[in-house]
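# Okay, sequence plus prediction incoming.
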Amino acid sequence: MKKLLKLTVLKVSVFMLPILCLTLYSGCDMGTVPSIKVETQVANTITNTAAPEVSTHTMADASIIIARPEVPILCYHQLRDWRSSDSKTARDYIVPVNDFINQVKSLADSGYNTILPDQLYEYLAYGKALPSKPVMITFDDTRIDQYTVALPELKKHGFKGVFFVMTVSLGKPGYMSKEQVRQLADEGHTVGSHTYDHKNVKTYAGNDWEEQVAKPSRQLQAITGRPVEYFAYPFGLWNKQAIPELKKHGFKSVFQLAASRDENDPLYSVRRIIVPGTWSGNTMQRVMKNSFH
């Protein structure tokens, strides 16, 4: 009887061994293939560098945010042809129409995908993946050509932009109207604040935070029906004293120009570069790669 039992167990073991091996192999395969796919997906969505760590619950600290690969952020002001009266300095802020068209086309042809501040915030603060070759296109000062020139070009390529509005200018000659700003928001672009009348935040005193920041945010929210969560410093100038105030006013992230980011609050000193009209599409892309790391 014992010999018969041993023989039965041996037969069962021999029969089950291939099945067990197959099961174990399949389990490893099922466990590794998805992780390879996830790693490939994440690697393909970050700006030509290693993927960031991903967390959906805890905000990253400043050192991690600074260590994440930067997203190129472009800043435009006026989009019009140069006039003989324009100074050399002025021309750094004025991009002729055809040059702007070619710059945007260059981004599209090279496979860039525009992102908006919400996406950038989620990436920096929580490590959420971005589309491949992300870029952000921003516009300051509410000029009418941003609506008449930039908007059609963005639409042509399926791009979205960020418009930082200076509320004193709304409805004035050469500037966008409230209705046009509302249309931008309705079409999926981001509308942010650029103060009331472009006063340098480094000089704020007394009631300036109410007049330059709080009131414009309320006005823009009334126009667009959406909270105003992003802010661009006039002239790109900022100081550490401004950051606590901007946090109090509910901004999730704030944009400067090309200075170094604040080591403690990088979300409130996000870097951008001004695009001059002298750049070809290739030059712009080369500067983007050299300026953002």
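Now that the structure is in, tell me what you want to look at. Only a predicted model underlies this, so the values are computations on that prediction, with no experimental measurement involved.
# Partner strands of the longest strand anywhere in the chain, with direction?
Longest strand of the chain, by residue count under DSSP state E: strand 134-140. Sheet pairing of strand 134-140 (DSSP bridges) gives strand 73-76 (parallel), strand 113-114 (parallel), strand 162-165 (parallel).
# Next secondary structure after it?
Using DSSP states H and E, the helix or strand that directly follows strand 134-140 along the chain is helix 145.
# on contacts alone, who are the packing partners of that following helix?
Judged by 3 or more C-beta pairs under 8 Å, 6 or more residues apart in numbering; DSSP states H and E, helix 145 has no packing partners among the helices and strands. No exception for glycine: its C-beta is placed from N, CA and C like everyone else's.
# pLDDT score assigned to Ser35?
Looking at Ser35, its pLDDT reads 31.
# Do a quick rundown of the helices in the chain.
In the chain, the helices defined using DSSP state H lie at 2-43, 62-67, 88-91, 97-109, 117-126, 145, 151-156, 178-186, 208, 215-224, 242-248, 281-291.
# got the contact list for the fourth one?
Contact partners of helix 97-109, identified using C-beta atoms under 8 Å, 6 or more residues apart in numbering, comprise 76, 79-81, 95, 114, 135, 137, 145, 149-150, 153-154, 156-157, 159, 275, 277, 279-282, 284-285.
# how big is the angle separating that helix from strand 134-140?
160 degrees (axes from the mean of the first three to the mean of the last three C-alpha atoms, to 10 degrees).
# Between helix 281-291 and helix 97-109, find me the angle.
60 degrees.
# pLDDT on helix 97-109, on average?
On average, helix 97-109 scores 97.
# could I have it exported to PDB, CA atoms only?
The C-alpha coordinates for helix 97-109 follow below in PDB (Å, rounded to 0.1, in the frame of the first residue of the first chain):
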ATOM      1  CA  VAL A  97       3.500  87.800 -38.300                       C
ATOM      2  CA  ASN A  98       5.200  85.500 -40.800                       C
ATOM      3  CA  ASP A  99       8.000  84.700 -38.300                       C
ATOM      4  CA  PHE A 100       5.500  83.700 -35.700                       C
ATOM      5  CA  ILE A 101       3.600  81.500 -38.200                       C
ATOM      6  CA  ASN A 102       6.900  79.800 -39.100                       C
ATOM      7  CA  GLN A 103       7.900  79.400 -35.400                       C
ATOM      8  CA  VAL A 104       4.600  77.700 -34.600                       C
ATOM      9  CA  LYS A 105       4.800  75.500 -37.700                       C
ATOM     10  CA  SER A 106       8.300  74.500 -36.800                       C
ATOM     11  CA  LEU A 107       7.100  73.200 -33.400                       C
ATOM     12  CA  ALA A 108       4.200  71.300 -35.000                       C
ATOM     13  CA  ASP A 109       6.400  69.800 -37.700                       C
END
